[in-house]
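K.L.:
curious how this folds, go ahead:
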Amino acid sequence: MTKRTRTILFLICLFLFLLIAPSAILYSQGYRFDFENKKLTQTGGLFLKIIPKQAEIYLDGKLIKKTDFFFGSALIENLLPKKYKIEIKKEGYHLWEKNLEIREKQVTEVKNIILFPESPTFNILVSGIKDFWPSPDEKKIILKEATLPPPDKEVWSLKLYDLEKNVKSHLISEKDIYLKGADLLNLEFSSDSKEIYLDIGMKEQLKYFTLTIDKTPPILTEKEITPIPENIIASQILNGNNYYLDNSGHLFKVDERSFISTPRSAWVNEERLTEKSFPVKAETEYTLEIFPNSLFLRESQTLYQLNPDSKIFEKFFENLNSLKISPGLKKLVYFSNYEIWILFLKDSDPPLTHRRGDRVFLVRLSEKIDNVFWLNSDYLIFNTGNKIKIAEIDDRDRINIVDFAEFKELKIYFNQTNKKLYILSEGSLFVSEKLF
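P.N.:
Numbers count the residues shown, from 1 in each chain. As a prediction, this is how the structure comes out:
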């Protein structure tokens, strides 16, 4: 090989090196040429965590990969900065889809995706049920059964269903309270789930009973109602303190033991929380809703929130049905007959960017919403008409909502402990498989 030939080959190799080396370096640092915008740009990524595992991930209609077998997660790298249509699919499950922006040098995260089965399995737990009440500790359910022995009127009884042991036991019947018949007007659990409080109508009188259900046999005692001072309109206990609104329209806080055991004149450390009096109306129902970092007053179906700076109750929401706090105590769901909203009590966890006090409108429906439960901190389950729906709260792009199941004349309850859904429909109590 001549010296001239060697020189030419060297120059060619040098040219190729100078041409390829910068490209290789830029490629290794995540740079790509964006042919659509005709420019060199740095890429981003997408991280997904999905239940169940081995779900398929599509970007703009193209299958990219499946989530891993062990953690149900996937990282997709070297994506050009733009908006992608993301679809998550698995046979037998509802589709999840959302349009999300991928940005330069950033990883967009969606760590809370749950795919729900298209045909969920339900089993009948017990039949012949008129109503049910779940306990606060989520370990048991009180069942109201009713029989119609001719020629008498319908006679009710209460049964205890142990969810951990799957055992039903008798608690008390109507005739145990009064032989000539008694009407069960209301039932509530104690906060420790060891007692239930019964409001009973009999002989044109209203009586109150406590039934201790953690004893064998259960113990029924007539309950003495501690009279609330006449000038107190509404009260609620939280963390050892009793919050109460009096007829002057001011909100106060006092130690729970003082509130229960001593007259108001003897209460110590009583603290007024409002600067301006709330205009209390006569013959109007008031309820306090106290949560960490947020105090609400409900006037019939109008909700007011106490402004922590001005210490004045400000109108927050009208036509309220109910409101419930999320697991983790960071969010509230509040809803009317046709709308569902979310209030952030604390700054949201990434990837959401909501700040404390932000309100997010979730959905408006044409049929009346009966009840709403938190599935976890990222999903809600609710029933409207005969349908049960599940909705995420991630409001980046569209909200994913699925029609989960359909039952007639239903009442629902979701158990946070065992992750199962309970449905009362046409006299039978159904239970789902574990939802996630």
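
K.L.:
neighbours around residue 141, how many?
P.N.:
23 (other Cβ atoms under 10 Å). (Glycine included, C-beta is placed from N, CA and C.)

K.L.:
if it is in a bridge, with which residues?
P.N.:
residue 134, residue 161 (DSSP bridges).

K.L.:
surely it is in contact with residue 126?
P.N.:
No: using Cβ atoms under 8 Å, residue 141 makes no contact with residue 126, being 9.2 Å away.

K.L.:
how about the nearest residue to the spatially most central residue of the chain, chain neighbours excluded?
P.N.:
Taking Cα atoms, centre = their mean, the centroid of the chain lies closest to residue 374, which sits 1.7 Å from it. Leaving aside its sequence neighbours, residue 374 sits nearest to residue 326 (Cβ to Cβ, 6 or more residues apart in numbering; 5.0 Å).

K.L.:
also residue 369?
P.N.:
In this structure, residue 369 finds its nearest non-sequential neighbour in residue 384, 5.1 Å apart by Cβ to Cβ, 6+ apart.

K.L.:
residues contacting that neighbour?
P.N.:
Shown in contact with residue 384 (Cβ atoms under 8 Å, 6 or more residues apart in numbering): 365, 367-370.

K.L.:
go again using 10 Å as the cut-off
P.N.:
Residue 384 is in contact with 337-338, 340, 363, 365-372, 403, counting by Cβ atoms under 10 Å, 6 or more residues apart in numbering.

K.L.:
same check on residue 382?
P.N.:
So residue 382 contacts 333, 335, 340, 362-363, 365, 369-373, 388-391, 401, 404, 412, 414 (Cβ under 10 Å, 6+ apart).

K.L.:
who's it bridged to?
P.N.:
In beta-bridge terms (that is, DSSP bridges), residue 382 pairs with residue 372, residue 389.

K.L.:
which residues of the stretch 151-300 of the chain fall in strands?
P.N.:
Counting by DSSP state E, counting those that start in this stretch, the stretch 151-300 of the chain has strands at residues 155-162, 167-173, 183-189, 195-202, 205-212, 219-222, 232-238, 241-246, 251-255, 271-272, 286-291, 294-299.

K.L.:
who does the last one pair up with?
P.N.:
Put plainly, it is strand 294-299. strand 286-291 (antiparallel), strand 302-306 (antiparallel).

K.L.:
now mean neighbour count too, for the ones you listed, in CSV please.
P.N.:
Below are those laid out as CSV (neighbours: other Cβ atoms under 10 Å):
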stretch, mean neighbour count
strand 286-291, 18
strand 302-306, 18
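
K.L.:
with mean pLDDT and distance to residue 191 added, can I get the ones you listed in JSON lines?
P.N.:
Shown next, in JSON lines, are those (pLDDT from 0 to 100; distance: least, Cβ to Cβ, whole Å):
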{"stretch": "strand 286-291", "mean pLDDT": "95", "distance to residue 191": "14"}
{"stretch": "strand 302-306", "mean pLDDT": "98", "distance to residue 191": "23"}
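
K.L.:
format those strands as TSV; extra columns: distance to residue 91.
P.N.:
Supplementary listing: these in TSV, determined by distance: least, Cβ to Cβ, whole Å:
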stretch	distance to residue 91
strand 286-291	41
strand 302-306	44
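
K.L.:
so which of these gets nearest residue 172?
P.N.:
strand 286-291 (28.9 Å; Cβ to Cβ).
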